[in-house]
Structures are given as C-alpha cells and as structure tokens.
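K.L.:
sharing a sequence plus its predicted fold:
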Amino acid sequence: MLFYSTKTKGLKASLEEAVFRSLPPDNGLYMPEHIPQISSDFLNTIESRSFKDIAIEVAYTLLAEDISRKDIEKIIESSYDFEAPVVQITPDDYVLELFHGPSMAFKDFGARFMAALMSYFLVRSQREIQILVATSGDTGGAVAQGFYKVPGISVTILYPSGKVSDIQEKQLTTLGHNVTAIEVDGTFDDCQKLVKEAFLDNELTSKFNLASANSINIARLIPQSFYFFSAYAQLKKLNKPLVFSVPSGNFGNLSAGLLAYRMGLPVQQFLASTNLNNSVPRYLDKGVFEPLPSIETISNAMDVGNPSNFIRMTRFFNDDWNLVREKISGYYFDDEQTQKTMREVFGNTNYVLCPHTAIAFKGLQEYRLETCGNFVGIFLSTAHPAKFIDLVEETLGKSIDIPERLKSLLSIEKVSIKMKPSFNDFKMLLMNDL
Ligand SMILES: *Cc1c(COP(=O)(O)O)cnc(C)c1O
C-alpha cells in the first residue's frame, strides 16, 4: 500500500516511510492511495470472530503488500491484550467501551499498534530510534505504555508541570526503563515548540533517529478502524442499521470510522459530537471550515480549535461538502449540557460516563429526536471516568470506584526531569543521553 500526501497527490510514501516520517515533507497528511474492500465472506461471519481475528483481517486487507500475514498476526497478538466490548445503555443505545487498555483511554489502540509496527521495521533494519512527544495529558500515557520496553525505541515525553491530572502524571512518570518524562515549567505549547525545534536541529538529527508519535501518524489511524468492525460484529444480530456517535477533538477517531466504512463496513450515519470547539459541526452546517483558537472545556481531551484530521475526514468524500454532510451529522454541547447528561445517564442506568463520552451520548439523543429513525446507536467511550475523577465526582455528587490499575499508580513515586522551557537545556539533556 502506498500513501499519498493530502497536499500533493503525486507525493507518495511506503508504509515504513509514512510511519517513521509521520508527516509528508509538504506538511500534508498521509492517506491510503486506494482503499481495499474487506471480504464479504469475512463480513458474513464476523459475529463469530474475536477482536484479534477482526484486527488481523482488517490490517491484512490494508497492508497485505507490505507485511506478511504471519507478521501481522504477531503485531496484533503483541498489541492487544484488551478488547472493545459494547454495553447496552437504553433499549437501542450501546456504549463501545474503548478504555480497557493500559492507559484506560482509546488512544491505547493506536499507540500499541504503532509501537509494534515501528518495532517490526526497526528489528529488520537494525536501527534504533528516539521518540519525542509533547502531551497535554492522554496522549503521553498511551504512548508511554505503548512503547514501554519495546526494543530499539527510547521515548522522551514532555509535559507541562502542574497542568496534567495526578493520574495522568503518574502514567507518564512511573514506568522508567526506556521511558523518560521531562516536566517542563511552562505550557503544552512550550512543550510542543521544544519538540518541533528538536526535529529541525542538525546536531540532534544527526546523532539520533528522531521520530514522532503524534496522533496524525497513519499507524495510529489504521488500528482505530478495528473497533468499528468489532462493534458491528457484536451488534450484527440485531439486524438494524448502525449509527456511530464519535466524541471528537482532532478527528482521528472519526476518520478511522470512515476508513472502516470505505472498506465496506455497513454504517448508516456518523455523528461528529464535539464540545464548544465546534469547527466541524459548523462546517457541516455551513460548508465553510473556520478553525478558531481552542476553548477550555471540561471535556479537555477534545479542546481542539483546528482539528488536524479535518482534511482526512473530507478527503474520504473527495472534499465534497454535500457528500460529507450526507454521511456525517454534527452536534456540539457546552459544559452544562455535558454535566446534565452525565447526571441523567447515571440517574437512569447507574452507568458512569466520562465527560467526553457524555457528549457522544448526547449527540446520539439529538440525532434520534431529529430523525425518529429505527436504528441501533453506538456511542464511543473514549476514556474511563476515573481518569477525570474530580470532575466526575463533583458532577454526580458521589464518589466513584477507581480501578486497581489506576489506584496502584497513585502510590508509586514519580520520576521526572524538571526543565525550564529552553531549547538549549533540552538539547543538552538529549545530547548527554538524558
Ligand atoms: C484524544 C481524545 C479524544 C479525541 O479524539 P480525536 O481522535 O482526537 O477526535 C476524545 N476523548 C478522549 C478521552 C481523548 O483522549
């Protein structure tokens, strides 16, 4: 499979190049040159397959020219010791729980696969790489866990001191081994700037094979399509059209759903559910994409004013607004509506939603009201509510359980390197092997 740049159709890359470069040299995004169809025999029997079987079949359909079936099996086997179950919430609505991975957010699906795929290529070429990543919270945890102890890869994570939650900080700072956390006395933007400068520095790039693990990497997009197929497998017996509501920030998750749809997954409608960072719902409504500066909300992993995957999302429809809005409906909600939804769902069903997941459920409710359709609704749960425990407990007015995996983290001592937001300091650290 070749990947082309969304900015220059003729600028193409192999899978290996796309994965290690992350971005094409013209700063577009990599997209698959053509989209192979999942076999209809497979779709006809998908309800009897495990999550791993589904992941292997989808990955092989996309990457058969690049990696042998045996190696894809190994990559999937080493990536997923967790699944994506659906849980019924109302007679027709199901939550797709994507928080059973090591960092308890859906980003584990992408980070694990990307780590295994990079490791596969590195072992063959006997190279070593240094991953640099800036995080505002969830990405860092998933990347740290995903690359933990992966041979040939060291990971350096920069995070803004005092600006991530306790649990998120512990997820970055308690692993050790090949994972180093740098605590920057500054903002997320400072962290991101330091990483960008490092990639432009000749001395650093000649000493290290630097790579990035950011969310637009094609190796994170592909595996996120697996669980759309898995949700279909689990609900196929209901024999009704499916509607997916995706709580969105950078729109990687929704783009992965579109990839699954283009491969032949039967989906009636996708819902782009956002907080007040609503550039995409406004685009769906008006046909104009006007990114704005990010607004802070309680669903902070979705506080993205200018979503980088927007171009991927529209490219699946040849950038034709009329086609995009036929398949995707947009909804957005403020914090008050989000908290009201969390309380309502808890009151009616005892199910605890994280704020991001609540937005997805609310989008589904709105779509139901508008269409009165007879369909099965699936809303994606992108994080375990305990990751946002203070907000969730305050909203529901009661304490909630913390899973063992998170609880045990809190008692481990954090290890971080403190640093001013100075590129010189950062470079010295890297040059002296931290
Ligand atoms: C990253 C994240 C999102 C947004 O996903 P995108 O793919 O960027 O749209 C939503 N919820 C949670 C909890 C996240 O961590």
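P.N.:
That came in fine, so what should we check first? Residues are numbered from 1 along each chain as shown.

K.L.:
would you mind listing what in the stretch 101-250 of the chain touches the ligand?
P.N.:
Residues of the stretch 101-250 of the chain found near the ligand (CB under 6 Å from any ligand atom) are Ala105, Lys107, Asp138, Ser215, Pro247, Ser248, Gly249, Asn250. Quick note: C-beta positions are derived from backbone N, CA and C, even for glycine.

K.L.:
of the residues you listed, buried ones?
P.N.:
The neighbour count (16 or more other CB atoms under 10 Å) marks Ala105, Lys107, Asp138, Ser215, Pro247, Ser248, Gly249, Asn250 as buried among these.

K.L.:
in helices only, show me these.
P.N.:
Those of those mapping onto helices are Lys107, Asp138, per DSSP state H.

K.L.:
quick one, helices of the stretch 301-434 of the chain?
P.N.:
310-315, 321-327, 335-349, 355-371, 389-396, 404-410, 423-431 (DSSP state H, counting those that start in this stretch).

K.L.:
pLDDT added to the residues of the stretch 101-250 of the chain next to the ligand, as a markdown table?
P.N.:
As requested, those are exported to a markdown table (pLDDT from 0 to 100):
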| residue | pLDDT |
| --- | --- |
| Ala105 | 93 |
| Lys107 | 94 |
| Asp138 | 79 |
| Ser215 | 78 |
| Pro247 | 98 |
| Ser248 | 97 |
| Gly249 | 93 |
| Asn250 | 92 |
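
K.L.:
now, which of these sits nearest Lys240?
P.N.:
Pro247 (22.3 Å; CB to CB).

K.L.:
how much space separates that closest one from Gly257?
P.N.:
Pro247 is 12 Å from Gly257, where distance means CB to CB, to the nearest Å.

K.L.:
for Met313, same thing?
P.N.:
As judged by CB to CB, Met313 and Gly257 stand 10 Å apart.

K.L.:
which ones are touching the nearest residue to Ala134 once chain neighbours are set aside?
P.N.:
Closest residue to Ala134 apart from its sequence neighbours, by CB to CB, 6 or more residues apart in numbering: Cys191 at 3.7 Å. By CB atoms under 8 Å, 6 or more residues apart in numbering, the contact set of Cys191 is Ala134, Thr135, Leu158, Tyr159, Pro160, Val184, Pro421.

K.L.:
ranges for the strands of the stretch 1-150 of the chain?
P.N.:
Per DSSP state E, counting those that start in this stretch, the stretch 1-150 of the chain carries strands over the ranges 3-5, 12-13, 30-32, 86-88, 93-97, 129-134.

K.L.:
which residues touch the fifth one?
P.N.:
Spelled out, that is strand 93-97. 84-89, 227, 231, 235, 351, 353, 357, 361, 364, 376-381.

K.L.:
one more time with 10 Å
P.N.:
With contacts defined as CB atoms under 10 Å, 6 or more residues apart in numbering, strand 93-97 is touched by 83-89, 106, 227-228, 230-231, 234-235, 238, 242-246, 345, 349, 351, 353, 357, 360-361, 364-365, 368, 375-382, 384.
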